[in-house]
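K.L.:
pasting the sequence and the predicted model now:
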Amino acid sequence: MREKLFYYGLVTAVAASAITHYAGMSAVLQFCIAGVAIIFVAGFLGKATESVAHYAGERIGGFLNATFGNAAELIIAIVLIQKAVNGETHLFDMVKASITGSIIGNMLLVLGLSVLAGGLKFKSQHFNIKLAGHNASLMILAVIALFIPAVFAKGLTVEHTNTLSIIVSVILILSYLLWIFFSMVTHKEELKDHKETTEEVHSLAPWSLKRSMLFLFIATVLVGFVSEWLVGTIDQFSAKFGLSELFVGAFLIAIIGNAAEHSAAIMMAMKNKMGAAVEIAIGSSLQIALFVAPLLVIISFFMGETMNMVFTTYELVAIGVAVFIAKSISQDGSTNWFEGVLLLVVYVILGIAFYLV
């Protein structure tokens, strides 16, 4: 009965969001209804991901959730880039702010809520310590990759800055693909969290593998549509409530785009599957920094107006702080509820600072 009510809510919320969008109703109404719709779609995505994880294992399940969940951010960013290429160049700054927000949102908000929720149910939760070490190294690589273009851009022409951005983007994408090959193929067993028998895995799965993959695809498409409907309302919504572009990009868009990861990671943590929760939260941040952001630079190049990788000092400091605290907490391969509180405290402090800026 409860599950049926959820699906009724899902269909109703998505339909209402579509109606308000295509009927051209109030931007605030569109924004609120689309936000509710994304919460339902995120729950659906989380359930589908959990089902896939039963067959593929926690790591691959978490990776799939991070990848499918980031589709929302990617679609929102591409729409903003298209508008920027067509003359609204200030939107490039909002795209970079949304990238920053996605990185710190996953590392601090998503991971923080997951660790807190799991920690309130289990005294201590554990995940693969070797995976934690590799994640820490990749997080540092992400900071370096974003820091270097910002520093060297001061002594370069616009053309050379764009060239540097494109080259760094290609290198980062190659590095990320090599990481996927390393973690999923050559060192798969070494980085695995739990060893489960095939019978146990299949007996726990709520849906068949084919149905799980189908629902995962449908949920991703729905996230993409609702996210795109949301983009057109952001300018009017932020203007009405006096919100800055930096705050809107780094927190509002990021929180909306990360809705898919929120529910799935928390659900995994509350079932004592912290390995999957970490893969969703940290893995999603790494995917944004090492794959999505570079991909957006390359996409903008082919659209005719290159978006460089020069981030503001505020954004670099926020990412650096997030990486520092996330690395400190996750490097020992175990978590507790208080560490979740620490992550959330840092996120709130950054949120207040961005709002005031």
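P.N.:
Cool, got the structure.
K.L.:
and the closest residue to residue 18 other than its chain neighbours, how far from residue 216?
P.N.:
The shortest distance from residue 18 to any non-neighbouring residue, by CB to CB, 6 or more residues apart in numbering, is to residue 229 (7.3 Å). (Glycine included, C-beta is placed from N, CA and C.) Distance from residue 229 to residue 216, counting by CB to CB, to the nearest Å: 21 Å.
K.L.:
how many other residues sit next to residue 11?
P.N.:
By the measure other CB atoms under 10 Å, the count of residues near residue 11 is 11.
K.L.:
ok, now residue 87?
P.N.:
For residue 87, the count of nearby residues is 9 (other CB under 10 Å).
K.L.:
which SS class is it?
P.N.:
coil (DSSP: H, G, I helix; E, B strand; the rest coil).
K.L.:
who's in contact with it?
P.N.:
By CB atoms under 8 Å, 6 or more residues apart in numbering, the contact list for residue 87 is empty.
K.L.:
give me the element residue 230 is part of.
P.N.:
For residue 230, the element it lies in under DSSP states H and E is helix 209-240.
K.L.:
for that helix, packing partners?
P.N.:
Under the contact criterion of 3 or more CB pairs under 8 Å, 6 or more residues apart in numbering; DSSP states H and E, helix 209-240 touches helix 2-22, helix 27-56, helix 58-85, helix 254-257.
K.L.:
if we go to 10 Å?
P.N.:
The contact analysis (3 or more CB pairs under 10 Å, 6 or more residues apart in numbering; DSSP states H and E) places helix 209-240 against helix 2-22, helix 27-56, helix 58-85, helix 91-104, helix 245-247, helix 254-257, helix 259-270.
K.L.:
could you tell me the angle between that helix and helix 58-85?
P.N.:
Between helix 209-240 and helix 58-85, the angle comes out at 40 degrees (axes from the mean of the first three to the mean of the last three CA atoms, to 10 degrees).
K.L.:
now do the buried residues in helix 209-240.
P.N.:
Applying a neighbour-count criterion of 16 or more other CB atoms under 10 Å, the buried positions in helix 209-240 are 212-213, 215-216, 219-220, 222-235, 237-238.
K.L.:
output the lowest mean pLDDT helix or strand found in this structure.
P.N.:
When the helices and strands of the chain are scored by mean pLDDT, DSSP states H and E, helix 198-204 comes last with a mean of 46.
K.L.:
which stretches of the chain have low pLDDT?
P.N.:
Across the chain, residues meeting the criterion (pLDDT under 70) sit at 1, 57-59, 61-62, 65, 72, 193-205, 231, 257-261.
K.L.:
tell me how many other residues crowd residue 128.
P.N.:
By other CB under 10 Å, 21 other residues sit near residue 128.
K.L.:
surely it meets residue 331?
P.N.:
No - applying CB atoms under 10 Å, one finds residue 128 not in contact with residue 331, separated by 11.9 Å.
K.L.:
okay, and the common contacts of the two?
P.N.:
Residues touching both residue 128 and residue 331 (CB atoms under 10 Å, 6 or more residues apart in numbering) are residue 135.
K.L.:
which residues does residue 104 contact?
P.N.:
Applying CB under 10 Å, 6+ apart to residue 104 gives the contacts 250-251, 254, 285, 315, 318-323, 325-326, 346-347, 350-351, 354.
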